[in-house]
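*Asks:* okay, sequence plus prediction incoming.
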2 protein chains.
Amino acid sequence: MAEPITIKDIANLCGVSIATVSRVVNNSPKGVGEKTVERIRKVIEEVGYRPNRLAQSMITKVTHTIGLVIPDVRNPFFSELVRGVEDVCNENGYSCFLCNTDGKLDKENEYIDILRDRIVDGLLFTTQNNKESNPAFLDFHRNKTPLCFIERYVDELPETPGVFFDNEGGAALLTQFVLDKGHRNIAFISGPLSTMNARMRKSGFMSTMQSNGVEVDARLVVEGNYRLDSGYAAVDQLLEHGKPKFTALIAGNDLMALGAYQALVERGYQVPSDISIAGFDNITYPAVFRPLITTIEIPGYKLGSCGTEMLIALMKGQPLAVTRQVFAAALRDKGSVVQI
Amino acid sequence: MAEPITIKDIANLCGVSIATVSRVVNNSPKGVGEKTVERIRKVIEEVGYRPNRLAQSMITKVTHTIGLVIPDVRNPFFSELVRGVEDVCNENGYSCFLCNTDGKLDKENEYIDILRDRIVDGLLFTTQNNKESNPAFLDFHRNKTPLCFIERYVDELPETPGVFFDNEGGAALLTQFVLDKGHRNIAFISGPLSTMNARMRKSGFMSTMQSNGVEVDARLVVEGNYRLDSGYAAVDQLLEHGKPKFTALIAGNDLMALGAYQALVERGYQVPSDISIAGFDNITYPAVFRPLITTIEIPGYKLGSCGTEMLIALMKGQPLAVTRQVFAAALRDKGSVVQI
DNA sequence: CCCGAGAGAGAAAACGTTTACTCGATCAGT
DNA sequence: ACTGATCGAGTAAACGTTTTCTCTCTCGGG
């Protein structure tokens, strides 16, 4: 276990004080002579000295680390997001602690505590729970440790910065697209309404239907849970009373759309000729795969990178132009919605 | 910016010395009276004191963090792996720095330096480059900072622990499966032969062919780069001289298999009735998607969790029963290889 | 020749812990 | 009553930095 080289070693090697070495390490140009700087630089280079970041952080109270709290990195949306976060961190000299909560409140709280203990400089946070939050969380806020939400509000912290996706606008865009194709009887499978984005998407659907003067049949609106099988089950529910009363189906995400697709095909319907289908997320798999679902793209990478940029600005004490950044929706037409 | 509560505050509040508080925090039972412990515990609880981990680490030289270096978290295999790593870390009180290198040597080296500076207790490392390595990397080794490879050897560090997937065995298993279906003319698209796993898979293919007494037509073995389009391009190369001379095609991963599938279909061949296809990875997408490719499953989560368990054992100074853990391959028959 | 300014550099405190050492008090055994 | 453990608790050094002061030169201007 070779003892690491410390600033003291460099000082001895150069015959100067540690203060002087510290000055050249942090290249604060004041107070050190040209040739001394040169000499110390050379020795540092030669012996490969690297300052101990723990000791530095002790003094400066800055660790150049952030915490990233998400439900599950295996979800492709979050993989994208994580990569966006990590890239921006790296560009700016930050490192990133990854934390998976599965959306569970107790794991969220546990991680918040851990991250506070580790003295992260900032926190990037996503979750489904926007009701309750942990004391440590409010501590972050109270201590003015920068905090940036990703697709999340916490009711207690209404002014906290965040990056959001325009779920309502996306749903409106998609609904309008389907309406423009001539559909009037449109079924809607929402995500779990306990989540903010499911509510927003549903609301975008409802309001667009209304603003187009199309009445929504309440029996055609069902709640799912964002999983494949719940899309499948929703179709059973929609077909409960015999023949479908809808020519198009919009799902709260692509996974449910795929489940619905499967159910419809198994029951002998042609998609999209009999029934059009649309989703949300633009889950992108290798282009070979079928079926393709017309969808709303959610820019995961962008949300991650921009959220991190906001956070870094905050950590640097820069004032934010916009504290809540909302990303517009984009439609990805893949042919699963046809004109009637 | 409310100043955080320190051990000194607790000491003052309780009218004891910081040493005593430290003892109860680390509950080292020696040397503190029953009632004192109780009193200090209560105050700590009340004011919500949490020790500063930086200060602790300064003394103990232990940070309870690890570095996880992978090419890209967006690759589903690595998403799985990352989650396996993070779960085990969390169970054991470790936090994990995520680093994406895109397989680039310079980014790998950069992260190694960063992680060493951050004084991680251990390092989990994957990459494609097994030839060159960075001085800091060897430093890890020299300083006996635990190191665990994931699907990687570094030639300079032959004794380093690691978790591996039995690529050669997997390829053998798959090749045997295809042979058992009666195929004799089998094309093989390898991954980039600069990578260890591509070489192993190819080698498993070649040796199984040979051990079954089937000669390999050199023109039917081409090199790809693990990406979709290289599978597509490989088919062009294989069909260069007119009609296919093979009835089955094994690709070094599923992505290339899919690219090959697309190319074959576009050229009017039926898969699998004309040509069977098999891959590697078991990229799992929602079950609705077609086509399905018979493949070898690589247990990403398991590799991550077991690698982390090894690393943690090393960090605790426990001797390892096995320093190189090799995970066996499992075949996932999805019907894309038919009997002839 | 003297004074003051400014440059170069060192001394030492501080950051919040852990831990080896010390010390007094209590208490059991003789 | 004296000795020697043992227990409870405090003192202070140490970890490797940053940073504020302070000090000593050197040099230019009057």
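*Replies:* Right, received. Where do you want to start?
*Asks:* can you list the domains in chain A?
*Replies:* Chain A is divided into the following domains under automatic domain parsing: A:7-52, A:63-165+A:300-327, A:167-298.
*Asks:* and the second one with DNA strand D, contact?
*Replies:* In other words, domain A:63-165+A:300-327. No: if you take Cβ under 7 Å from any atom of the strand as the test, domain A:63-165+A:300-327 misses DNA strand D, and the best it gets is 12.1 Å. Backbone N, C-alpha and C define where each C-beta goes, glycine included.
*Asks:* can you put the domains of chain A in TSV and add mean neighbour count, mean pLDDT and distance to chain B?
*Replies:* Formatted as TSV, those follow (neighbours: other Cβ atoms under 10 Å in any protein chain shown; pLDDT from 0 to 100; distance: least, Cβ to the nearest Cβ, whole Å):
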stretch	mean neighbour count	mean pLDDT	distance to chain B
domain A:7-52	15	89	5
domain A:63-165+A:300-327	20	90	4
domain A:167-298	20	93	4
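*Asks:* doesn't B:Ser95 make contact with A:Ile114?
*Replies:* Yes: the pair A:Ile114 and B:Ser95 qualifies as a contact (Cβ atoms under 8 Å) at a distance of 6.4 Å.
*Asks:* please enumerate the shared neighbours of these two.
*Replies:* The contact sets of A:Ile114 and B:Ser95 overlap at A:Cys99 (Cβ atoms under 8 Å, 6 or more residues apart in numbering or on different chains).
*Asks:* for A:Phe327, give me phi and psi.
*Replies:* With angles defined as degrees, to the nearest 10, A:Phe327 sits at phi -90, psi 130.
*Asks:* A:Ala278 too?
*Replies:* phi -140, psi 160.
*Asks:* who does it bridge with?
*Replies:* Beta-bridge partners for A:Ala278, by DSSP bridges, are A:Ile250, A:Thr294.
*Asks:* for it, which residues are in contact?
*Replies:* A:174, A:177-178, A:248-251, A:257, A:293-295, A:336-337.
*Asks:* for those, which one is nearest A:Phe78?
*Replies:* A:Phe78 lies nearest to A:Thr295 out of those, by Cβ to Cβ, at 17.4 Å.
*Asks:* that older thread, make CSV out of the domains of chain A and add distance to B:Asn90.
*Replies:* Shown next, in CSV, are these (distance: least, Cβ to Cβ, whole Å):
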stretch, distance to B:Asn90
domain A:7-52, 26
domain A:63-165+A:300-327, 8
domain A:167-298, 24
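*Asks:* mind checking which of the ones you listed is nearest B:Tyr285?
*Replies:* The nearest among the domains of chain A, by Cβ to Cβ, is domain A:167-298 at 5.2 Å.
*Asks:* the closest one: end-to-end distance?
*Replies:* Domain A:167-298 has an end-to-end distance of 9 Å (Cα to Cα, to the nearest Å).
*Asks:* how far off centre is it?
*Replies:* Relative to its chain's centre, domain A:167-298 lies at 23 Å (Cα atoms, centre = their mean, to the nearest Å).
*Asks:* is it correct that A:Lys8 falls within a helix?
*Replies:* Yes: per DSSP: H, G, I helix; E, B strand; the rest coil, A:Lys8 lies within a helix segment.
*Asks:* contacting residues for it?
*Replies:* Per Cβ under 8 Å, 6+ apart, neighbours of A:Lys8: A:Ile18.
*Asks:* kindly report the same for A:Val337.
*Replies:* A:Val337 neighbours (Cβ under 8 Å, 6+ apart): A:177-178, A:181, A:183, A:248, A:272, A:276-278, A:294.
*Asks:* which of those fall within helices?
*Replies:* Among those, the ones falling in helices (DSSP state H) are A:177-178.
*Asks:* which residues in chain A form helices?
*Replies:* For chain A, the helices defined by DSSP H cover A:7-14, A:18-25, A:34-47, A:53-60, A:76-91, A:105-117, A:135-142, A:167-180, A:196-211, A:228-238, A:254-266, A:300-315.
*Asks:* so which of those gets nearest B:Val120?
*Replies:* Taking the helices of chain A one by one with Cβ to Cβ, helix A:53-60 is closest: 10.7 Å.
*Asks:* so which elements touch the closest one?
*Replies:* helix B:53-60 (3 or more Cβ pairs under 8 Å, 6 or more residues apart in numbering or on different chains; DSSP states H and E).
*Asks:* ok, and for the helix it packs on, which residues are buried?
*Replies:* B:53-54, B:56-58 (16 or more other Cβ atoms under 10 Å in any protein chain shown).
*Asks:* show me which pair in those residues is furthest apart.
*Replies:* By the measure Cβ to Cβ, those have their two most distant members at B:Arg53 and B:Met58, which lie 9.6 Å apart.
*Asks:* got the residues of chain A near DNA strand C?
*Replies:* Contact residues (Cβ under 7 Å from any atom of the strand) of chain A with DNA strand C: A:15-20, A:31-34, A:36, A:55, A:58-59.
*Asks:* redo those residues as JSON lines? Include distance to DNA strand D.
*Replies:* Below are the residues of chain A next to DNA strand C laid out as JSON lines (distance: Cβ to the nearest atom of the strand, whole Å):
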{"residue": "A:Gly15", "distance to DNA strand D": "16"}
{"residue": "A:Val16", "distance to DNA strand D": "11"}
{"residue": "A:Ser17", "distance to DNA strand D": "7"}
{"residue": "A:Ile18", "distance to DNA strand D": "5"}
{"residue": "A:Ala19", "distance to DNA strand D": "3"}
{"residue": "A:Thr20", "distance to DNA strand D": "8"}
{"residue": "A:Gly31", "distance to DNA strand D": "7"}
{"residue": "A:Val32", "distance to DNA strand D": "10"}
{"residue": "A:Gly33", "distance to DNA strand D": "11"}
{"residue": "A:Glu34", "distance to DNA strand D": "14"}
{"residue": "A:Thr36", "distance to DNA strand D": "14"}
{"residue": "A:Ala55", "distance to DNA strand D": "3"}
{"residue": "A:Met58", "distance to DNA strand D": "4"}
{"residue": "A:Ile59", "distance to DNA strand D": "4"}
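*Asks:* looking at those residues, which is nearest A:Met206?
*Replies:* A:Met58 (54.7 Å).
*Asks:* which residue lies closest in space to the closest one, excluding its sequence neighbours?
*Replies:* Distances taken as Cβ to Cβ, 6 or more residues apart in numbering or on different chains put B:Leu54 closest to A:Met58, at 5.3 Å, once the chain neighbours are dropped.
*Asks:* for the residue nearest to A:Pro71 when sequence neighbours are not counted, give me phi and psi.
*Replies:* Excluding the flanking residues, the one nearest A:Pro71 by Cβ to Cβ, 6+ apart is A:Gly103, at 4.3 Å. Per-residue torsions, A:Gly103: phi 70, psi 10 (degrees, to the nearest 10).
*Asks:* does A:Gly103 really touch A:Phe78, like I thought?
*Replies:* No: if you go by Cβ under 8 Å, A:Gly103 and A:Phe78 don't touch, sitting 11.0 Å apart.
*Asks:* now for A:Val163: which residues touch it?
*Replies:* Here A:Val163 is in contact with A:148-151, A:303, A:306-307, A:310, A:324-327 (Cβ under 8 Å, 6+ apart).
*Asks:* A:Leu238: which of these is nearest?
*Replies:* Nearest member of the contacts of A:Val163 to A:Leu238, counting by Cβ to Cβ, is A:Glu151, at 27.9 Å.
*Asks:* isn't the closest one up against A:Thr126?
*Replies:* Yes: under the criterion of Cβ under 8 Å, A:Glu151 makes contact with A:Thr126 at 5.7 Å.
*Asks:* from B:Leu303, how far out is the residue in the stretch 201-340 of chain A that DNA strand C sits nearest to?
*Replies:* Nearest residue of the stretch 201-340 of chain A to DNA strand C, counting by Cβ to the nearest atom of the strand: A:Met315, 18.9 Å away. Distance, A:Met315 to B:Leu303, by Cβ to Cβ, to the nearest Å: 34 Å.
*Asks:* nearest spatial neighbour of A:Leu239, skipping sequence neighbours?
*Replies:* With Cβ to Cβ, 6+ apart, the residue lying closest to A:Leu239 is A:Arg267, at 6.9 Å.
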